[in-house]
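Engineer: Got a predicted model here, sequence first, then my questions.
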Number of protein chains: 2
Amino acid sequence: MQQDDPDITPVTETAPIATRTHGGRAKCLQRLTRLSLPVPRTTALSFRAVKDIAEGRMPDVACILAPFGDDPLLCVRPSSEDPDWGGPSAVLNIGMNDATHAALSERIGTEAATRLYNRFVRSYAIHVERLDPDMFEDLPVTGPEALAESFRAYHEETEQDFPQDAATQLAAVLRSMARAWRGTTARLLRQAKGAPADAGLGLVVQEMALGLGKTGECGSGVIQLASSGTGLPRITGRYLSQSQGREALQGDSRSMFLARDARGPSLEDLAPEAFATLAEYSRLMRYRLREEMQCEFTIENGNVHVLDGVRASRSARAAVRMAVRLAEDGVIPRDEALCRVDPRALNEMMHRQVDPSAKRDLIGTGIAASPGAASGRLCFSAADAQAAQSRGEACILARRETGPEDIRGMHAAVAVITERGGATSHAAVIGRGLGLPCVVGLTGLQFDMKTERLIARDGRNFRAGDMITVDGTHGDVLAGEAPLHEASQDAAFQAMLTWAEDYCDIGIRANADTPADAETARKFGADGIGLCRTEHMFFESGRLTVMREMIFADAPDDRRTSLERLLPMQRADFTDLFRIMQGRPVCIRLFDPPLHEFLPSDREGLRELAESLSRPLSDVTRRAEQLSEYNPMLGMRGVRLGITVPEIYDMQARAIFEATIAASEDGVPVVPEIMIPLVSARREVELVKTRVDAVAAAVRNETGKDFSFRLGVMVETPRAALRAGEIAPHAAFLSFGTNDLTQMTYGLSRDDAGKFMSTYVKQGVYPEDPFHTLDHEGVGELLTIGAERGRAARPDLVLSICGEHGGNAESIAFCRAAGFDYVSCSPFRVPIARLAAAQLNIRPTLPPRALKTS
Amino acid sequence: MQQDDPDITPVTETAPIATRTHGGRAKCLQRLTRLSLPVPRTTALSFRAVKDIAEGRMPDVACILAPFGDDPLLCVRPSSEDPDWGGPSAVLNIGMNDATHAALSERIGTEAATRLYNRFVRSYAIHVERLDPDMFEDLPVTGPEALAESFRAYHEETEQDFPQDAATQLAAVLRSMARAWRGTTARLLRQAKGAPADAGLGLVVQEMALGLGKTGECGSGVIQLASSGTGLPRITGRYLSQSQGREALQGDSRSMFLARDARGPSLEDLAPEAFATLAEYSRLMRYRLREEMQCEFTIENGNVHVLDGVRASRSARAAVRMAVRLAEDGVIPRDEALCRVDPRALNEMMHRQVDPSAKRDLIGTGIAASPGAASGRLCFSAADAQAAQSRGEACILARRETGPEDIRGMHAAVAVITERGGATSHAAVIGRGLGLPCVVGLTGLQFDMKTERLIARDGRNFRAGDMITVDGTHGDVLAGEAPLHEASQDAAFQAMLTWAEDYCDIGIRANADTPADAETARKFGADGIGLCRTEHMFFESGRLTVMREMIFADAPDDRRTSLERLLPMQRADFTDLFRIMQGRPVCIRLFDPPLHEFLPSDREGLRELAESLSRPLSDVTRRAEQLSEYNPMLGMRGVRLGITVPEIYDMQARAIFEATIAASEDGVPVVPEIMIPLVSARREVELVKTRVDAVAAAVRNETGKDFSFRLGVMVETPRAALRAGEIAPHAAFLSFGTNDLTQMTYGLSRDDAGKFMSTYVKQGVYPEDPFHTLDHEGVGELLTIGAERGRAARPDLVLSICGEHGGNAESIAFCRAAGFDYVSCSPFRVPIARLAAAQLNIRPTLPPRALKTS
């Protein structure tokens, strides 16, 4: 080996080793060397060297062996660029042959030496010669005959004697590992984790620290300074006397704790000095490598050897706590801590989760529509859910799909599951808004609503009252009551949020319809409310009846009478919201859904309605039929209602203005934002604006109070985006409703897409579900067109998105690049959006960090 | 008056008179003067002069009077730029006073002179002084006391004596007419006919030719050389002895025919020389003014005076015949004849129409969805319609709305009416395709489907079996059997079509699903089939059951078995179409609708289906529920089905290719076009293309026959238009489905839009129903984007539209400007589209001529 060959180089403080050329393990070992930790002699083979080996160009193995002296025992470990990309198994004890066996028998005893030799032969046979592991299954492991049996089996299959030459062994191991990297399975596995097609493999050849011996404590293990599960600071790991590699982790009953522990023996008790050294080394590694590390070590005759260091695995919540503590300890700056955490990890801290170590009795999987987990008794109607709540029972609402009439039931339930629907179906949207675990599109689980049963694939029946668990984070439904981890919005969570606010350069608002939503939004630091859907307010008890009277009014005057009864209720809603938000902006969307959503859908409901309205059933049925629509998504709703039945918007505008005055009197002045939904033409905006202005003038006149407001447009139709240039002069803001805009751009109903979306994504027809990840190419172009044309016509135009995409890191990146002012998302997604936005500001060129938890 | 004042000028051959400055009547009178016709002396006042008068700047009236000599009798008539824009009533006999009355009494007798004077006084009082006409209602008309009474009434109201001075009278008349033009009603009326806001009025002052007298024949009338109703050449008009102005047309029982007529006396008999002179003058006018004219004339003592000439009013079919005959007589060239006819006028010749002169017993109005008229007995279900047909009875199908299951009923009916729907609803599209009169969106007429009654606004009930008439041209439903005009695709119609083909520079194809459609398309000269919707083929008896078996198949293999039974049927369909079209291109759209359209919608139908499939009802109900969708328009259909259930497209591709071989063997070689519907992403096209190519290879292989085909994409989603650049490399053509594209661009379902579209258009929210007139701004921009990006990626890309807009002149103008290759529309709209395209080519800068029929 030439001394200056960078492709095969001893790992020294100055050797030209980089992660991108030699892999992470090689680089880490160099760093440990620089810290003067007792790392055994190591040589690193670069990606290029390993590629050569795989393609048959074996370097001079003698040169590789040279630095290790005579008769060395070596191990070879993989060193890929990212440890997550995997790699072939390590091979230990290369160099064992009859001669070293004899020498070692002297040092550590014959039995131990033989076990070592025997294990190497088998490992070599299996990993290098690719012999069938079953061959060795029944052979003895110890005793003098064990070696002979292994040699015999080896010879039988390979028709060769076991190679005695260390160079031959090493060459074979290197070739085998280099080729394994190129296997189909290995390639697919690492590509699934995001590795590029040409990802390279490096190898490190390291002198063995034996961990076996007769003089002084010998053994091996791993140590880390924080818990992988909780992230809390605690020395943790396993140690096993007389072991090598990662044997301590393989469930041997003799393996022990690292630090002193009431549950059993520990290294701290067994070898306090070695333990103290190890702890010191670990602290040094954490500080200098700027990361919570897991250290792999060997103790040989009481002396500690550091074999390797890897990033400690971690749960989502541990990731947050570790990053925050590293920053608080001054190891890393706050901006780096922010970038260490996948924003989605915050989800786990905001919601209860199924204990990841628990056994899962899976009965159905669907779309993970709203994160968190809950156990409760199955029920099949909103009324039953409310009844269960009044009995103090946790219940889970199962519906074929949900609609506005189920909202009260959803409030009463601890989780919701639906047979149909996708990531932005009604149940999903409401579930996320309420922070309620929700799984939708459970196509494998049969919902028999008549007999009130869920029928699992395996035939098991679950009836009303049966206990189940919903895992909304993973989209699973489990039988029985699974153990849960509580939510923990602890100090680390709060610190992360506070730091993120300092780095976030785009507004993060919440979609909040109720005072409860608004409280959540404030708790999570939302900059305001970006979308308040007023229609949900009309489903509350007492209001629905008035609403229906309004729908059945024969003349505008009758309609106005009903609306006058709704006015004080709406005014109170808005006053509450304004007070909770304390002067932060609140954007209220005027009434949007089709009126038929407020009518009962079954005959019984219609009969009751006829009674309460004192009208003949035939009248009521007829009106309901008249209002029904083929494609409600594309029907008589939004501004179309506002123009054809203008009394509704008049009432809402009045309620908003009167609430503005009321809330401003005892707090910060309120400047409400009023948003017109489903606009497709400029004239719609002009007409609504004229009426809203007239209501404002009337309220000012009646009360003698002045106030300001801002009127804007929700851009949900492709046409509104295309015509933004002529709409903007009449609108203070444009907020893109990316749910509906996606539906219309694709010609795809979110409620019906579930039937084929998974097929589509699996076959790569769509790279992602466009309701989940904003479609940059199509919908995104409409956003860009709308933003550019709008700003050209009105430079001070405020731009935002308020669809379900609002909380998504990719959408935030898009909105920042397009110069948007804010995004708005479910209250529970505000922290995630905030962190993602901060990361984009800190490292604008990096893609959002992939979730890395154990 | 200065001799060279162009604003107040005698009408001579050389005077500076133009339609744009003096109005159409002044210009026409100058033309008649140039023909040396005996036009009484006339002076023209320009728009500017009349504007001055209206604003109080009265010119020197003495100067206007001067050319007419002493004591003239004059009339003043309006002269606007377009005669359709209306104008104030003419005032006759200005200059009548006590002196002229005395002189006239000598000439025409005291009674006649007094009647004339009296009539002038009243006309002046009413039109100039704006007195209440009722004042004169009970006063005597003749006799010596009549004049005195009129003078007394005049004085009572105005407190002035009736003016005796001709200059005073003329000034007042001019001022009154100039101001009337500015009145609100007059302005709104002319703007409704397309007049610009600043349209001007000219006035012509003409010497009276009296039409009264004692020596020789005296009288007045109108004459024209072709019938306004039929357009056929026939001297027509009315004449009344001892009359003035248009009195002959006011129903006086003494008024007579012009030419000799068995039905009564005629001018030809009464005064053959005057008649011959008049006929000669009319022929000269027709030839030199290059138009069928109506000539207003007076005979004074046997001498003919030509007072005025106006374009003869005409029905739609008359317009076609007149234009063709003018060209055939060499009066105008063919290209001009083509431009003389509103393309929509052809509609009337293709369909039966309600006799416009008949009394209309209107019971409901809706959207004129498919032109033509028919009478028949009311029926309320497809089955009843078929039963009526089998009894040989004409029947009219009334449905709340129609769906695929009604198609057989529509085939059996002579007209269709629906309560719901808009211009592009199912009933409308199918109606137009079948050439069936259709009125949709009949919101005023109550459809009680249970008791099978229509209830009119006035409370009248119409039950199954009652006779009604549907006027699809005007959107009316009439009680009883109205008299109808038969369709007349006569020689003139054919000539117009043939000439239009010579001038048409864009392809006109037909949307045709059945052999009958294709025959119609060929009859009307379509260049090919632009859209063959294959799904209608599956509703035929015998096929629907197999289709349903396919839907209920549990595995791809079972599905394939059902599809194999459909294959020969589809192959036969396509073979027929190819043979009928004789090598002209046929573009077949692959299966498009959601599968649930093929399932029965009621319980009874589901029960029958369960029986015929030998499956439990619960299974069938469940599958139907699974397939049902919230927004079918945005659901599992089109290419989404093609990708998730690929066996359907495989079968269709095979049927197309096998039909191609069969039809090519005994005729012109066929190159079928295959179109993929509802595309939203490039990959969809790639996947379908791969499978279609594979089927083609298999068919070539099995048969040993070669053939070509072209695969293209239907652009119906905004996303497909935006992504045309990446789709085009995989598509030989892009055909824009403007129906769906409009729905998605606006977020507006055509089936649900009817509820508010009329309000929207009335309030000017949308300038037009975008399903009727292509929205250039929004949908049009997507068309332009798609076309530009597609052509940039693939210069030989064939572009077209195939929505309901295809036959519309404005859409054709748009497509020509955007460089499209063809438009495709209902077979019955092909002639209209052809003519519109020819007109655009002949006069590219002119807007399509507005429909001008009487």
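Structural biologist: Everything's here; your move. Numbers count the residues shown, from 1 in each chain, chains lettered A, B, ... in the order given.

Engineer: Give me the phi and psi for the residue sitting nearest the centre point of chain A.
Structural biologist: Geometric centre of chain A, nearest residue: A:Arg344, 3.6 Å, by Cα atoms, centre = their mean. In terms of degrees, to the nearest 10, the main-chain angles of A:Arg344 are phi -60, psi -20.

Engineer: That one against A:Ala833, yeah?
Structural biologist: No. With contact defined as Cβ atoms under 8 Å, A:Arg344 does not reach A:Ala833; the gap is 10.9 Å. Bear in mind the C-beta positions are built from the backbone N, C-alpha and C, glycine included.

Engineer: Break chain A into its domains for me.
Structural biologist: A:8-207, A:219-314, A:352-485, A:504-594+A:629-845 (automatic domain parsing).

Engineer: hang on, A:Met581 packs against A:Cys532?
Structural biologist: No. The pair A:Met581 / A:Cys532 is not scored as a contact, 9.8 Å apart, by Cβ under 8 Å.

Engineer: Now for the residue lying closest to A:Ala793 once chain neighbours are set aside: which residues touch it?
Structural biologist: Closest residue in space to A:Ala793, ignoring its immediate chain neighbours: A:Ala728 at 4.2 Å, by Cβ to Cβ, 6 or more residues apart in numbering or on different chains. Residues near A:Ala728 by Cβ atoms under 8 Å, 6 or more residues apart in numbering or on different chains: A:734, A:789-791, A:793-794, A:797.

Engineer: Quick check: A:Ala728 vs chain B, distance?
Structural biologist: 15 Å (Cβ to the nearest Cβ, to the nearest Å).

Engineer: now the longest helix along chain A: mean pLDDT?
Structural biologist: Using DSSP state H to define each element, chain A has its longest helix at helix A:556-581. Per-residue pLDDT over helix A:556-581 has a mean of 93.

Engineer: Helix or strand next in line after that helix, which one?
Structural biologist: Next in sequence after helix A:556-581, counting helices and strands by DSSP states H and E, comes strand A:586-589.

Engineer: what about the following helix or strand past that next one, distance to the chain center?
Structural biologist: Using DSSP H and E, the helix or strand that follows strand A:586-589 towards the C-terminus is helix A:603-613. In terms of Cα atoms, centre = their mean, to the nearest Å, the centre of helix A:603-613 is set 46 Å apart from its chain centre.

Engineer: What residues of helix A:603-613 count as buried?
Structural biologist: By neighbour count on 16 or more other Cβ atoms under 10 Å in any protein chain shown, the buried set for helix A:603-613 is A:606, A:609-610, A:613.

Engineer: Closest one to chain B out of these, please.
Structural biologist: A:Leu606 (14.9 Å; Cβ to the nearest Cβ).

Engineer: show me the contacts for the closest one.
Structural biologist: A:Leu606 touches A:599-600, A:617, A:620-621, A:624, counting by Cβ under 8 Å, 6+ apart.

Engineer: Please repeat the previous calculation with a cut-off of 7 Å.
Structural biologist: A:600, A:617, A:620-621, A:624 (Cβ atoms under 7 Å, 6 or more residues apart in numbering or on different chains).

Engineer: In stretch A:379-396, which residues are buried?
Structural biologist: Those would be A:379-382, A:384-386, A:388-389, A:394-396, for stretch A:379-396 by 16+ other Cβ under 10 Å.

Engineer: Which of those residues fall within strands?
Structural biologist: A:379, A:395-396 (DSSP state E).

Engineer: Specify which member of those is nearest to chain B.
Structural biologist: A:Cys379 (20.9 Å).

Engineer: and the closest residue to A:Asp361 other than its chain neighbours, bridged to which residues?
Structural biologist: Nearest residue to A:Asp361, sequence neighbours excluded (Cβ to Cβ, 6+ apart): A:Ala479, at 4.2 Å. Beta-bridge partners of A:Ala479, counted by DSSP bridges, are A:Ile468.

Engineer: can you pull the pLDDT of the closest residue to chain B within the stretch 201-350 of chain A?
Structural biologist: Distance from chain B to each residue of the stretch 201-350 of chain A (Cβ to the nearest Cβ) is smallest for A:Arg344, at 26.2 Å. Looking at A:Arg344, its pLDDT stands at 81.

Engineer: swap in A:Thr853?
Structural biologist: Looking at A:Thr853, the pLDDT reads 38.

Engineer: What residues of stretch A:352-365 count as buried?
Structural biologist: Counting neighbours by 16+ other Cβ under 10 Å, stretch A:352-365 gives A:352-354, A:363-365 as buried.

Engineer: Return the subset of those residues lying in strands.
Structural biologist: Using DSSP E, A:353-354, A:363-365 are the members of the buried residues of stretch A:352-365 that sit in strands.

Engineer: Around the closest residue to A:Asp821 other than its chain neighbours, count how many other residues there are.
Structural biologist: Residue nearest to A:Asp821 in three dimensions, not counting chain neighbours: A:Val798, with 4.9 Å by Cβ to Cβ, 6+ apart. A:Val798: 21 surrounding residues under other Cβ atoms under 10 Å in any protein chain shown.

Engineer: need the strands for the stretch 51-200 of chain A, in chain order.
Structural biologist: A:74-80, A:91-94 (DSSP state E, counting those that start in this stretch).

Engineer: Please identify the deepest-packed of those strands.
Structural biologist: strand A:74-80 (a mean of 24; mean count of other Cβ atoms under 10 Å in any protein chain shown).

Engineer: can you list the residues that contact that one?
Structural biologist: In contact with strand A:74-80 (Cβ under 7 Å, 6+ apart) are residues A:22-26, A:44, A:68, A:87-88, A:90-95, A:170, A:173-174, A:177, A:199, A:201-208.

Engineer: Also stretch A:764-771?
Structural biologist: Contacts of stretch A:764-771 (Cβ under 7 Å, 6+ apart): A:422-424, A:739, A:742, A:746, A:750, A:753, A:757, A:760-761, A:779, A:804, B:643, B:681, B:683-684, B:687.

Engineer: Could you pick out the buried ones from those residues?
Structural biologist: Buried, going by 16+ other Cβ under 10 Å: A:422-424, A:739, A:742, A:746, A:750, A:753, A:757, A:760, A:779, A:804, B:643, B:681, B:683-684, B:687, out of the contacts of stretch A:764-771.

Engineer: so A:Arg238 makes contact with A:Gly219?
Structural biologist: No. Here A:Arg238 does not reach A:Gly219: they are 10.4 Å apart, not a contact under Cβ atoms under 7 Å.

Engineer: These two - which one has more neighbours?
Structural biologist: A:Gly219 (27 against 21).
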